[in-house]
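*Asks:* Here is my input, please return the structure:
(one chain, ligands or ions: 1)
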Amino acid sequence: MTLTDTHAEQIASLLNERNQLTRKYTRESVLEHADNYICRFSEENNVVACVEVKSVQWYQSEVLHLTVAASQTRKGHAKALLCEAERVARSKGARLLQCTIRDGNTESRTLFEGFGFSHVNTFNNPSSGNNVAVFQKVLSNAR
Ligand SMILES: CC(C)(COP(=O)(O)OP(=O)(O)OC[C@H]1O[C@@H](n2cnc3c(N)ncnc32)[C@H](O)[C@@H]1OP(=O)(O)O)[C@@H](O)C(=O)NCCC(=O)NCCS
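*Replies:* Okay, the predicted model is just below:
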């Protein structure tokens, strides 16, 4: 999508505030991948929720840092963004959607499991010390 500087700035702030990230996002780093972002906006045209959908293989897309502003949670924004992320991934030919969730992030885990993702593995991130769970959803079942 076409992102304005203001929206890119808002996305970066949202990502930095709401996730325990080992690298900080900036307006520039968001704009570099502007086409990957899907957002939800307030009536005042501010970003209240966002997600990045990135192609990693012809058959696989990654859903990154699905984030909703603290004041806007439990209103269905995340579910709506996941639906849109899946639609975008399918339109690019993806057969598999993947995301990672830090251990202990129960709300995110419940959300993704409720959306059909399965836990497939867990690894340790030495930079953060967190164990990170890998979740996948198959978009085209084996026959
Ligand atoms: C996780 C997060 C994206 C959920 O956003 P949200 O807009 O509140 O989610 P929704 O309103 O669409 O809720 C969808 C489902 O997620 C689950 N869920 C959301 N918040 C939850 C909570 N606090 N506890 C348990 N389940 C929760 C529920 O299954 C919910 O369905 P329900 O409302 O019918 O019970 C949001 O809390 C957030 O931004 N967290 C911080 C950033 C983060 O950790 N992102 C995930 C990176 S992997």
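
*Asks:* only C-alpha atoms for contact and neighbour calcs from this point on.
*Replies:* Fine.

*Asks:* Show the pLDDT at residue 1.
*Replies:* In this prediction, residue 1 carries a pLDDT score of 69.

*Asks:* got any ranges where this structure has weak pLDDT?
*Replies:* Confidence mapping of the chain against pLDDT under 70 gives the ranges 1.

*Asks:* So which residues of it form helices?
*Replies:* Secondary structure of the chain (DSSP state H): helices at 5-18, 27-32, 77-91, 106-114.

*Asks:* For the second one, what is the distance to the chain centroid?
*Replies:* Helix 27-32 sits 16 Å away from the centroid of its parent chain (C-alpha atoms, centre = their mean, to the nearest Å).

*Asks:* and it, which residues are buried?
*Replies:* By neighbour count, and taking 16 or more other C-alpha atoms under 10 Å as the criterion, the buried residues in helix 27-32 are 27, 30-31.

*Asks:* List the residues that contact the nearest residue to residue 30 once chain neighbours are set aside.
*Replies:* Taking C-alpha to C-alpha, 6 or more residues apart in numbering, and ignoring the residues beside it in sequence, residue 30 has residue 8 as its nearest neighbour in space, at 5.8 Å. Contacts were defined as C-alpha atoms under 8 Å, 6 or more residues apart in numbering; by that measure residue 8 touches 26-28, 30-31, 34.

*Asks:* All set, thanks.
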